[in-house]
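Novice: Sequence and predicted structure below; questions after.
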Amino acid sequence: MRKVKLILISVTILGGISVFISTRSAQYKSFLRNVVATPLAPIESVISGTGGWFERQFRFFAEMNNYKLENDQLKKKVYQLENNLRKFETYEQENSDLRKKLEFKQNYSQFEMVGAEIIAKDASNWTDYFLIDKGTKDGMKTNMVVLTEKGLVGVIVETAYNHAKVRTILCEENNVAAEAKKSRDFGIIKGDRVIAENSFTKMNYIDPQAKLIVGDDVMTSGLGGIYPRGIFIGKIQQVKKESYETTKYAIIKSNIDFRNLDKVLIIKQVWEPYQINQEN
Amino acid sequence: MKFIRVLTIAAILIINLILQSTLFQYIKINGIMPNFTIIIILSFALLRGSTEGAVIGFFAGLLYDIQFGQGIGFHAILGMYLGILAGKTTVKFYRESYLLPFVLSIGSVFIYEHVVYVLQFLFRGNLDYINFLKKIIFPELMYTSVLVPLLYRFIWEINYNLERKQQKNF
């Protein structure tokens, strides 16, 4: 009995040490990940793929009735958009001419992007991590930014040989320095588990004098070093002020449906603001 | 024939992890997934006692930690203690009864998730306890406990076959 207790206590202490080490050392985590999780990644990839395929077929039949109606609407819209496109093409020409004159450097469009598929999503109800099918063999590194055409998804936090772990903006541990587009107010976007289900996040530490506009776009501000400036995050849904706090907070709605997300883009470059500044 | 036993349980744990992170994502209700890992730990602890429960709980937690966890060892230790405590209740209990696993699963999800809440959220300054209880802990508890009889029966069957093989060989 004493021996059992001894084993228990030592395992608990060792576990505590392991938790401590893994918060400090990325190498320790990625070593264990490579040993245990790397062989599982291909299996997960296959299962996710077939699961997604079945879901798409199911949805196709379920939404059959809407297709004709949608088709008519889309035809009208295509006509409108084509008109707009012609206008925009002239604008674009003007814009690029002007930009050349100003020698404007837009960092965001210079970044090289790679696509990746999500192979596994978090098996717990508390956090929102997922794994993608690109790893160190494809040049993935920690702190690379993950996004889709609809906005920011998150950041790579761990890498292994054939997969990488992504922390989404819905996680409570994730902080993104953000900026409202029109009112130019800064804040920090943090996940909130309770409202995360419908792709809501919270923008904290906003100046109480700030004049935030509901419906305004929120972008990354480029402060803090991980996320480059100007990536769309979401729209302001609500602005609130807590009575005991000296700051405001806003509820931000992301356009991404995190539950059905299956493909993402990765900026294939770790953004280091200080280096870029030196180059400029 | 201990080897076959270890292999079978390892396979169950790995398959559980893979399914939870892939296919079971589609059975989420309001973003809540049932916690199969807890049922597996509980079932084995009930059928085989504290020691095996502790070992299975430890490795189930460790697998999760490596795949998705932030600190490796956190869920492993939680799982280990869950296995020990559940194993302690086996003193007078008919294996064929579903009542004890059902009641125990409610209790252990409740305690387990409270520990996770306190250590991962409350200590980080998130005081929104009522909403966590309403939106995560209770739905998960109900969803999990409904599925207990099914999974318990499955593990009972596997365990029965393993034990019979063991008896034949000795």
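Specialist: Cool, the structure landed.
Novice: Residue A:248: what's it in contact with?
Specialist: Counting by CB atoms under 8 Å, 6 or more residues apart in numbering or on different chains, residue A:248 touches A:206-208, A:210, A:212, A:239-241. The way it works is simple: take the backbone N, C-alpha and C, and place the C-beta from them, glycine included.
Novice: Repeat that for residue A:198.
Specialist: Per CB under 8 Å, 6+ apart, neighbours of residue A:198: residue A:253.
Novice: again, only this time at 10 Å
Specialist: By CB atoms under 10 Å, 6 or more residues apart in numbering or on different chains, the contact set of residue A:198 is A:237, A:253-254, A:257-259, B:30-31.
Novice: Would you mind listing which of these are buried?
Specialist: For those, a burial check counting by 16 or more other CB atoms under 10 Å in any protein chain shown picks out A:253-254, A:258, B:31.
Novice: Of those residues, which is the nearest to residue A:133?
Specialist: Closest approach between the buried ones among the contacts of residue A:198 and residue A:133, by CB to CB: residue A:258, at 17.7 Å.
Novice: any idea which element the closest one lies in?
Specialist: For residue A:258, there is no host helix or strand (DSSP states H and E).
Novice: again, but for residue A:96
Specialist: If you go by DSSP H and E, residue A:96 is part of helix A:66-102.
Novice: which stretches of chain B form helices?
Specialist: B:2-21, B:36-48, B:50-67, B:74-87, B:99-116, B:129-132, B:138-169 (DSSP state H).
Novice: Looking at the ones you listed, which is nearest to residue A:162?
Specialist: helix B:50-67 (13.7 Å).
Novice: Residue A:188 against residue A:224, yeah?
Specialist: Yes: counting by CB atoms under 10 Å, residue A:188 touches residue A:224, with 8.2 Å between them.
Novice: which one of these two has more residues nearby?
Specialist: More neighbours surround residue A:188 than the other of residue A:188 and residue A:224, with 17 against 13 (other CB atoms under 10 Å in any protein chain shown).
Novice: Centre-most residue in the chain?
Specialist: By default, I'm working from chain A. Geometric centre of chain A, nearest residue: residue A:153, 1.3 Å, by CA atoms, centre = their mean.
Novice: oops, I was thinking of chain B
Specialist: residue B:38 (1.5 Å).
Novice: Distance of that one relative to residue B:112?
Specialist: Distance, residue B:38 to residue B:112, by CB to CB, to the nearest Å: 6 Å.
Novice: Residue B:72 now?
Specialist: 18 Å.
Novice: Equivalent analysis for residue A:93, please.
Specialist: When residue A:93 is compared with residue B:112 (using CB to CB), they lie 61 Å apart.
Novice: likewise residue B:141?
Specialist: Separation of residue B:141 from residue B:112 (CB to CB): 10 Å.
Novice: Mutual contacts of these two, please.
Specialist: Residues touching both residue B:141 and residue B:112 (CB under 10 Å, 6+ apart): residue B:35.
Novice: could you dump the helix or strand where residue A:50 lies to CSV, C-alpha only?
Specialist: Assigned by DSSP H and E, residue A:50 belongs to helix A:41-62. Coordinates of each C-alpha in helix A:41-62 appear next as CSV, following Å, rounded to 0.1, in the frame of the first residue of the first chain:
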residue,chain,number,x,y,z
ALA,A,41,-2.0,12.0,-38.7
PRO,A,42,-2.4,10.1,-42.0
ILE,A,43,-5.3,8.1,-40.5
GLU,A,44,-7.0,11.2,-39.2
SER,A,45,-6.5,12.8,-42.6
VAL,A,46,-8.3,9.9,-44.3
ILE,A,47,-11.1,9.7,-41.8
SER,A,48,-11.7,13.5,-41.9
GLY,A,49,-11.7,13.4,-45.7
THR,A,50,-14.4,10.7,-45.9
GLY,A,51,-16.4,12.3,-43.1
GLY,A,52,-16.4,15.6,-44.9
TRP,A,53,-17.3,14.0,-48.2
PHE,A,54,-20.4,12.3,-46.7
GLU,A,55,-21.4,15.5,-45.1
ARG,A,56,-21.2,17.4,-48.4
GLN,A,57,-23.3,14.8,-50.2
PHE,A,58,-25.9,14.9,-47.4
ARG,A,59,-26.0,18.7,-47.6
PHE,A,60,-26.3,18.6,-51.4
PHE,A,61,-29.5,16.6,-51.3
ALA,A,62,-30.9,18.4,-48.3
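Novice: Determine the set of other helices and strands touching it.
Specialist: strand A:113-121, strand A:129-132, helix B:2-21 (3 or more CB pairs under 10 Å, 6 or more residues apart in numbering or on different chains; DSSP states H and E).
Novice: Touching that helix from outside, list them.
Specialist: Applying CB under 10 Å, 6+ apart, the contact partners of helix A:41-62 are A:33, A:37, A:67, A:117-121, A:130-133, A:135, A:160-164, A:260, A:262-263, B:14-15, B:17-19, B:21-26, B:67.
Novice: rerun that using 8 Å as the cut-off
Specialist: A:117-120, A:131, A:133, A:135, A:160, A:162-163, A:262, B:18-19, B:21-23, B:25-26.
Novice: got it, and stretch B:57-68?
Specialist: A:11, A:29, A:32-33, A:36-37, A:40, A:120, A:122-124, A:127, A:129, A:131, A:165, B:10, B:13-14, B:16-17, B:21, B:37, B:40-41, B:45, B:71-84.
Novice: Please apply the same query to stretch A:83-95.
Specialist: Residues outside stretch A:83-95 that contact it (CB under 8 Å, 6+ apart): none.
Novice: which residues of the stretch 101-250 of chain A score low on pLDDT?
Specialist: Along the stretch 101-250 of chain A, the model assigns pLDDT under 70 to residues A:101-110, A:243-245.
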